[in-house]
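[1] mind folding the following:
(3 chains)
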Amino acid sequence: MKLTEAFYLRDDVIAISKDLLGKYLFTHIDGLTTGGYIVETEAYNGIIDKASHAYGNRQTPRTKTMYLRGGIAYVYLCYGIHEMFNIVTSVEGRPQAILIRAINPTEGLDVMLSRRNMLAVKPNITMGPGSVAKALGISRNINAFSLQSDTIWIEDRGLVFPDESIAAVPRVGVSYAAKDALLPYRFYVKRNPYVSKPNK
DNA sequence: GTTATGATCTCCT
DNA sequence: GGAGATCATAACG
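    Numbering: from 1, shown residues only, chains lettered A, B, ... in the order given. Presented below is the predicted three-dimensional model:
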């Protein structure tokens, strides 16, 4: 059930991003389990990708997590407000990562509602990377945690989307990355209500 | 030490 | 449709 390390250690971050659609992401934090299946991802292709934090082989306290062995979490703060959850892939020394932009929640709905200060389930509960992290209780203190741990992990439950229901489009919020912003590194499940707005 | 800015969300109009 | 929130990070002096 739980995805093994071999899944994350592959070198093709684009293929892994696509493969992650339909996989179930779970967290067990503060004694509470929450999760759902992934419906939107974005690939960040290492040192040659201008949109990546590791562009140009940049090594800093923040990005060092990306250089570790694949199969761990990379969590950072964006805009001073939002925690972002990424999955590190490929082998040690190759800083590739995948941003989880949206999930379709299936477990722990009541917990997610209270974490999001919402009264009823609406698509925006886990739509967009900042919302996903908040609903799942993800914060920077699980940065670099292994996805083989019992705090955060990903399962294959046999859910597969056919190619024609998967869209590949340019990424969101990376206009500073010049022509790399045009690469179709954002993948999502067509017509799923939890997919975030831009380019839908 | 200082400063500019962002892999965004929410609320307001 | 648009602005404000809010701070760690990274680059620079």
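[2] for the residue nearest to A:Ala178 when sequence neighbours are not counted, give me its contacts.
    Nearest non-adjacent residue to A:Ala178, counting by Cβ to Cβ, 6 or more residues apart in numbering: A:Lys50, 5.8 Å away. C-betas here are computed from N, CA, C, even on glycine. A:Lys50 sits next to A:Tyr176, A:Ala177, A:Ala178, A:Lys179, A:Asp180, A:Ala181 when contact means Cβ atoms under 8 Å, 6 or more residues apart in numbering.
[3] try it again with 6 Å
    A:Ala177, A:Ala178, A:Asp180 (Cβ atoms under 6 Å, 6 or more residues apart in numbering).
[4] emit the PyMOL select command for whichever of those residues are buried.
    In PyMOL, this line selects whichever of the contacts of A:Lys50 come out buried by 16 or more other Cβ atoms under 10 Å:
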select buried, chain A and resi 177+180
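[5] among the contacts of A:Lys50, which are in strands?
    Per DSSP state E, strands hold no members of the contacts of A:Lys50.
[6] output the contacts of A:Lys50 as a markdown table; include the columns pLDDT.
    Compiled in a markdown table, those are given as follows (pLDDT from 0 to 100):
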| residue | pLDDT |
| --- | --- |
| A:Ala177 | 94 |
| A:Ala178 | 92 |
| A:Asp180 | 94 |
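[7] for A:Ile98, pull up the helix or strand it's in.
    strand A:96-107 (DSSP states H and E).
[8] and what about A:Met112, helix, strand or coil?
    Three-state call for A:Met112 (DSSP: H, G, I helix; E, B strand; the rest coil): helix.
[9] so the closest residue to it other than its chain neighbours is in which element?
    Once flanking residues are discounted, A:Met112 sits nearest to A:Ala135: 4.1 Å by Cβ to Cβ, 6+ apart. Using DSSP H and E, A:Ala135 maps to helix A:129-136.
[10] close to DNA strand B, is stretch A:91-98?
    Yes: using Cβ under 7 Å from any atom of the strand, stretch A:91-98 comes into contact with DNA strand B via A:Ala97.
[11] quick one: end-to-end distance for that stretch.
    From its first residue to its last, stretch A:91-98 covers 14 Å (Cα to Cα, to the nearest Å).
[12] most distant residue from the centre of chain A?
    A:Leu119 (25.2 Å; Cα atoms, centre = their mean).
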